[in-house]
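J.: Here is my input, please return the structure:
(chains A and B)
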Amino acid sequence: MRELEKIEVDTLVVGSGIAGLQSALDLADQGFSVAIVEKAPSIGGKMISLSKVFPTLDCASCITTPRMASVSHHPRIKTLTYSTVDAIKREGKTFTASVTRKPRYIDEKECISCKRCEEVCPVYLPDEYEQGLGAKKTISIPFTNAIPQLPVMHPEHCIRCGACARACPKDCIEFLQEPAPVEIKAKAVILATGYETTPMTAKKQYGLGKLPNVISPMAAERLLAPHGPYGRVLRPSDGMVPGSIAYVQCAGSRDKSIGVPYCSRVCCMYAIKQAILLSGSLPIADITIYYMDIRAFGKGYEQFYNNARAMGINFVKAKVARITEDGKHNPILRIERQEGDSAPAELKHELVVLSQGLVPGYDVSRLRLDTENNEFGFVKLSDETVSSAVTTGAGVFAAGVVKGPRDIPDSVVDAGSAAMEAANYIRKL
Amino acid sequence: MKVNPELIDEIKKYGAFDISACFNCGNCTAVCPLSKEDSSFPRKLIRAGHVGMEDKISSAIEPWHCYYCGECSATCPREAQPGEYMMALRRYLIAKYDITGLSKIFYKNGWLQTWLALGMLAAFYWLYSSYTGDFGALAGKIELAFPVYVTIALGGYVLNMYRYAIVKPLGGIKASLKPAHIYETLVHGFTQKNFNGCEETDWTRWIAHLLVMSGYVLTLLISNLHLLSPLDKHYGAFGPVSLLVWYAGLAILVGGGIMSLRRMFKSAESSKFSHPSDWLFVVTMFLIGASLLFTHYLNVAYGPQDPLLAKVYRLNIAIETVWILLIVPFTKWIHIFFRPLAVYFQHVKKEAEAGTAFTLNIGAAK
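T.: The predicted structure is shown next:
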């Protein structure tokens, strides 16, 4: 282990998705000092990997990147990426967090982001940023607009050929780098740990992630993103341009049999958004959304849904019960057709997207901050009717999906509210 | 169409306590491997139950197509137990088809039938024990009376099922005389081949059911043809009749034992919910097998004069009497006739729709 690094700030923000970034900026702009801890190698969270956002179809990175840049250049914000919070201790009115910086196997201070190491590295890995659809090098910068622009090496895949070390003009490859401990003292904590999507294996009847042309919505986002893995929409099994695409709604929500009985609030809208984007990039493709009911509840959402219908996207009221495939890996959906004389039916598509739901990204009760989880593992608020950010733990606030599923506008709004509550709390200390 | 707002509460009295959780998504129908283009279930019937379409429910034959593999209950997003709803509908329909109204009373009053069975068992055992004449001859007569009683009871059921499933909804007496339809009905009746239409065949359940059914049918033959006179004859351990008895008794014990264990440990979707009448059914079946085996064992080992044999044989006949009088006509036993009939009625409905059904025009029928 390297030497202990000590940081003292007003607020510790755990997570740097759009909610974490927003609350950090709102606090720092008021004059408070902030430390952000992010487990991924770049800040930006889930939003930076999205193509566009509903219902305005604004480019997602055009909204996220400026915030990422502001955070990383802000004089009062200290950002720790590729770092994990191991524990937070409450001592009187201060919190002491033990954080571990994971080794990137490079000298972070010396690196000039020239990418020479990445160019010469001979080992390719599936790129998790592209949801496994593309490849990356064993030593590489996580994605084009990542902040910080520092490469990460994956020693479990490295063949120790030394090519990167020879190519590096600053001699900053450190094969023997070790994890570094950091201690952060803060007066308040904002939890913004976000979500994960329900796993592809959640429902046995949906192929357990083994059907190549049944993909996650995050993968569909990457296919649609202008700088995505293929630069166009191709299906994974054979690289064919799909002529018929289906969305399976409630594939990971409102289903007690998989333990997620609640509505994830965003799936209807992101499916409609992706369907609209798809009909732009594949004008002759048939796009079908199988839904139980469309929940378009935000400002402009219903209009967005009606536009999608008017554009010719098929909406079929049915719960998909089973997904199989034919010999050419075309997914086959089994539904009950409910219109007219209802009957079971099997429908073939060329690409299927499972509209997965949102589940907690991290169990914050492990930090023992006197917060409580609800029955689904999201953080409980002390009184939802009074504030949208105050948890039961004094000095601990919550921003974004850590409290339960919500969309980007809602996350941004209540990230601001978490910052405001934290500022109030710190002033009164 | 007449609507009965109390219908769903009425159905719930036969089981299916969770069905109000249903949000009508259709997952059950889509996941069901037996649900077909021309007969889709369970969602339609759940909906019909919820909105009170009583005629639709009482004319339904789909419940008899369902083999309760439990796939719908296991995948139901609301845990509304659609499989158990189909089971409840079968009970509801049995009660509906039953002219005497006794099935209804028994189904709705939990353990009533069981207490009655116990009481009747004691009474018959006492009656048979106090009979001073030649009990062997009396048993012969009792056993020969069984099929007559069962036929009368069954006849009522079948006619009533026909009335509800065909005559009422189709407005007349309709039938299909196509040999293929009649053949298919018989095949389904003997093989229960739809049992294996379920997605993942539950082999234990199928074998247990086959054992019980074959053992039971043999027992029925043995008793109704009066093949056994244990008080008069001494049977060899490996005579032809003995072999039949050994198989029948053991098949019932093993099959019934497996079924009871599954109900006890709720190991499959189909065995999670047990109505008291299910227990009565399995346990009595088990007792029939056990007493048959024990009777025959005593006869083979100690001869027809054995004093214990006299007692056990009387008990055996008493159990069979209760079974025939109280359980056969008023529990799910009769489903062995409804299932193949449902296959037949399905054809009749289709033929009637196409206008090719055999129609009997009687003045009263509209």
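J.: Restricting the selection to alpha carbons, write the top helix by length along chain A to PDB.
T.: In chain A, taking DSSP state H as the definition, the longest helix is helix A:408-428. In PDB, the C-alpha atoms belonging to helix A:408-428 read as follows (Å, rounded to 0.1, in the frame of the first residue of the first chain):
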ATOM      1  CA  ILE A 408     -32.800  12.500 -15.700                       C
ATOM      2  CA  PRO A 409     -34.800  15.700 -15.200                       C
ATOM      3  CA  ASP A 410     -36.100  14.500 -11.800                       C
ATOM      4  CA  SER A 411     -32.600  13.300 -10.800                       C
ATOM      5  CA  VAL A 412     -31.100  16.800 -11.600                       C
ATOM      6  CA  VAL A 413     -33.800  18.600  -9.700                       C
ATOM      7  CA  ASP A 414     -33.500  16.600  -6.600                       C
ATOM      8  CA  ALA A 415     -29.600  16.600  -6.800                       C
ATOM      9  CA  GLY A 416     -30.100  20.400  -6.400                       C
ATOM     10  CA  SER A 417     -32.300  19.800  -3.500                       C
ATOM     11  CA  ALA A 418     -29.800  17.400  -1.900                       C
ATOM     12  CA  ALA A 419     -27.100  20.100  -2.300                       C
ATOM     13  CA  MET A 420     -29.400  22.700  -0.700                       C
ATOM     14  CA  GLU A 421     -30.200  20.500   2.300                       C
ATOM     15  CA  ALA A 422     -26.500  19.600   2.700                       C
ATOM     16  CA  ALA A 423     -25.600  23.300   2.700                       C
ATOM     17  CA  ASN A 424     -28.200  24.100   5.300                       C
ATOM     18  CA  TYR A 425     -27.000  21.300   7.500                       C
ATOM     19  CA  ILE A 426     -23.300  22.400   7.200                       C
ATOM     20  CA  ARG A 427     -24.100  26.000   8.000                       C
ATOM     21  CA  LYS A 428     -26.000  25.000  11.100                       C
END
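J.: what does it rub up against?
T.: A:10-11, A:17-24, A:26-27, A:30, A:32, A:47, A:53, A:187-188, A:190, A:192, A:298-299, A:387-390, A:394-395, A:397-401, A:403, A:406 (CB atoms under 8 Å, 6 or more residues apart in numbering or on different chains). For glycine as for every other residue, the C-beta is placed from the backbone atoms N, C-alpha and C.
J.: Please repeat the previous calculation with a cut-off of 6 Å.
T.: With CB atoms under 6 Å, 6 or more residues apart in numbering or on different chains as the test, helix A:408-428 has contacts from A:10-11, A:18-19, A:22-23, A:26-27, A:30, A:53, A:187-188, A:190, A:388-390, A:395, A:397, A:399-400.
J.: ok, of these, which come out buried?
T.: A:10-11, A:18-19, A:22-23, A:26-27, A:53, A:187-188, A:190, A:388-390, A:395, A:397, A:399-400 (16 or more other CB atoms under 10 Å in any protein chain shown).
J.: Break down the stretch 151-300 of chain B into its helices, ranges please.
T.: B:168-170, B:179-191, B:203-224, B:240-265, B:276-302 (DSSP state H, counting those that start in this stretch).
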